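let's see this in three dimensions:
(chains A and B)
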Protein chains: 2
Amino acid sequence: MKAVGFKTSLPISDPNSFIEFETEKPSPVGHELLIKIKAIAVNPVDFKIRQNAAKDTILEQPKIIGWDATGVVKAVGENVTLFKVGDEVYYAGDITKPGCNAEFQVVDERIVGKKPKSLSDQAAAAIPLTALTAWEILFDRIRISAEKDKGKTLLIIGGAGGVGSIAIQLAKKITNLKVIATASRPETIEWCKQMGADVVVNHKNLLEEVRNAGFQFVDFIVDFVDTNSYWDVMAELIKPQGHIASITGSATPVALNKLKTKSASFSWEFMYTRSTFQTEDMIEQHQILNKVADLLDEGILVNTLTQTFQGLSAESLKQAHQQLESGTTIGKLAIKY
Amino acid sequence: MKAVGFKTSLPISDPNSFIEFETEKPSPVGHELLIKIKAIAVNPVDFKIRQNAAKDTILEQPKIIGWDATGVVKAVGENVTLFKVGDEVYYAGDITKPGCNAEFQVVDERIVGKKPKSLSDQAAAAIPLTALTAWEILFDRIRISAEKDKGKTLLIIGGAGGVGSIAIQLAKKITNLKVIATASRPETIEWCKQMGADVVVNHKNLLEEVRNAGFQFVDFIVDFVDTNSYWDVMAELIKPQGHIASITGSATPVALNKLKTKSASFSWEFMYTRSTFQTEDMIEQHQILNKVADLLDEGILVNTLTQTFQGLSAESLKQAHQQLESGTTIGKLAIKY
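Just a heads-up that it's a prediction; the model follows:
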């Protein structure tokens, strides 16, 4: 099968930052599905891995990355019960295994969902990683509840990116929280409002912006930009007994004690935890993806795709990574194979 | 009224570390109860405040500390609805206000409970601060649920202290978790077992001890000893998607990122958050104390008092603080007025 990968970490402008190659088509075993990929999406995790996975070294085999795809089931492992050959599916995948920048991929059925029928292949491919991340951070980490948390406030740092775009929608449509999202350019502010944000504030001078918008404290904060640089302002803005969560990691130690007097909580969300550790509740991701597919098909959630590149090639991946690395992307980028 | 306090932070061995003095009896307003105190308990927070609240300074008025007491309601503020004159009550109180090292105290009714009938004044006084802390950390911060979390594992770092003693009981009796407690001396190990711990491990070499006891990961960890020094081992032992909580504060920044791959959560518990911030759900403490009183009267929980000193005096407070500062106290210390 054809695949695109890299043997060494190079700047995206380098001709060899991605290379095309032929490799063996994988065979599904156990709970695995063999999927023929029809479209993929790119996410910031992709370029972070491209930049770091083969730094100052040359891999023997090119590394295949990419974790967001739509495709058709072509074969199934002996334990598969959730899908059959011919099913159209969408999924993010498992970061410990080869990704979707290839013609075929094997993926555990427990982290795969049925493709939303109403979406194109590329629009569907743009959903899984961000929807799983947003769903898990709101409902599995912070454990926001539609009944108990009615009318509470959620601050989303980074509202216009891929995860932010779907998180705003989930928070408004599933739980009806009051959502304050950050964005700074006219087009990203407009996008956040379109996704459903009640209030959009600038991420510069965030403390003053949120206070000026009439919020002394907020019940929940999710950070999709940078834990370290927003730590102090998050600690200041979080309500006593409130909950902060982030997906970004922290490069340096954190002044955790700033949350103590408020008895506040902090959670990490890492979309790959369930598959990496093969947790007992791994099948939750199958269920989340199916629920999100229904919500998309019912028109309750809207797709977040803003730009599509064409074809499985080194060139299309370079274009997509270059755009994503610019840091100005609104919503999601996909590639139609 | 008679009170005991300090004008400057001194070592407990100093003759003036506590001084007796006369001060005006307070008057209850709003939701306050005026309580004639019959017994109190001492907690580590007491000596920490004595050591730090008037460091290198001399206060004009002596500071009255102490937040754990039993007594009788003698007068009520105009908005009081939960209690009446003559009621026997127990409570921890509000750290922003004068404490219970005095004949009388005013306390907001929403953080006061009915005294457990079956307990002596001193045994009842030993309950509120630790029971509120343990209840809040398990059920409000980690949000452990008797149904959903059946059979899960809880590691309690510091099992034999005041909070540890009641936390072991709550975790066993209310939720039936599998409880692993830390203790290092024969008498503290025995005490933890008496409180209901399933397994007792030494806090030195905690990682090996827990692994050798047959647990690769634990679902929940509560730390009552030192967040900073146990951080790395807690990060190692916590189960993916698990939850760590602590009451101890962290003197230095924390390597929060160690929890990221596991999508783990961390919460602080500070028993004074609700009263300090006058949160909307402040009355929860009234309800928790009433539930705990019932559990004690039904014999489901047992009291944790191990030593009682006599009389409201500088001398009895010095004895109690000295014992607590030794770091070897099992369960709780009280003073009967």
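
the closest residue in space to residue A:16 that isn't next to it in sequence in helix, strand or coil?
Nearest residue to residue A:16, sequence neighbours excluded (C-beta to C-beta, 6 or more residues apart in numbering or on different chains): residue A:10, at 5.8 Å. Where C-beta positions appear, they are placed from N, C-alpha and C, glycine not excepted. Following DSSP: H, G, I helix; E, B strand; the rest coil, the label given to residue A:10 is coil.

looking at it, residue A:10 is touching residue A:47, isn't it?
No. Using C-beta atoms under 8 Å, residue A:10 makes no contact with residue A:47, being 11.5 Å away.

overlap of the contact sets of these two?
Between them, residue A:10 and residue A:47 share no contacting residue under C-beta atoms under 8 Å, 6 or more residues apart in numbering or on different chains.

what comes up buried for stretch A:15-31?
A:17-18, A:23, A:25-26, A:28, A:31 (16 or more other C-beta atoms under 10 Å in any protein chain shown).

stretch A:275-293 too?
Per 16+ other C-beta under 10 Å, stretch A:275-293 contains these buried residues: A:275-277, A:279, A:282-286, A:288-289, A:292-293.

and these near chain B, which?
Contacts with chain B are made by A:276-277, A:279 out of those, judged by C-beta under 8 Å from any C-beta of the partner chain.

closest to residue B:127 among those residues?
The shortest gap between residue B:127 and any of these belongs to residue A:279, at 37.6 Å (C-beta to C-beta).

what's the local residue count around the residue nearest to residue A:16?
Neighbour count of residue A:10, defined by other C-beta atoms under 10 Å in any protein chain shown: 17.

quick one, phi/psi of it?
Backbone torsions for residue A:10, taken as degrees, to the nearest 10, come to phi -130, psi 160.

wait, is residue A:240 part of a strand?
Yes. When three-state DSSP is applied, residue A:240 is found to be in a strand.

tell me the secondary structure at the residue lying closest to residue A:226 once chain neighbours are set aside.
The shortest distance from residue A:226 to any non-neighbouring residue, by C-beta to C-beta, 6+ apart, is to residue A:248 (5.5 Å). Three-state assignment for residue A:248 (three-state DSSP): coil.

can I assume residue A:248 is in contact with residue A:224?
Yes. Counting by C-beta under 8 Å, residue A:248 does reach residue A:224; the two are 6.8 Å apart.

tally of neighbours for residue A:109?
Residue A:109 has 24 nearby residues by other C-beta under 10 Å.

meant to ask about residue A:302, not that
Neighbours around residue A:302, by other C-beta under 10 Å: 17.

residues of chain A that sit close to chain B?
Checking chain A against chain B by C-beta under 8 Å from any C-beta, the hits are A:136, A:140-141, A:143, A:227, A:240-241, A:249-257, A:259-270, A:272-274, A:276-277, A:279, A:281.

out of those residues, which sit inside helices?
A:227, A:273-274, A:276 (DSSP state H).

low-confidence ranges in chain A?
Along chain A, no part satisfies pLDDT under 70.

list the residues that contact the residue sitting furthest away from the middle of it.
Distance from the C-alpha centroid of chain A peaks at residue A:261, with 32.4 Å (C-alpha atoms, centre = their mean). The contact partners of residue A:261, by C-beta under 8 Å, 6+ apart, come to A:240, B:270, B:272-273, B:276.

run the last query once more with 7 Å
Taking C-beta atoms under 7 Å, 6 or more residues apart in numbering or on different chains, we find residue A:261 in contact with B:270, B:273, B:276.

in a markdown table, list the residues you listed along with distance to chain A.
Converted to a markdown table, those look like this (distance: C-beta to the nearest C-beta, whole Å):
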| residue | distance to chain A |
| --- | --- |
| B:270 | 5 |
| B:273 | 4 |
| B:276 | 7 |
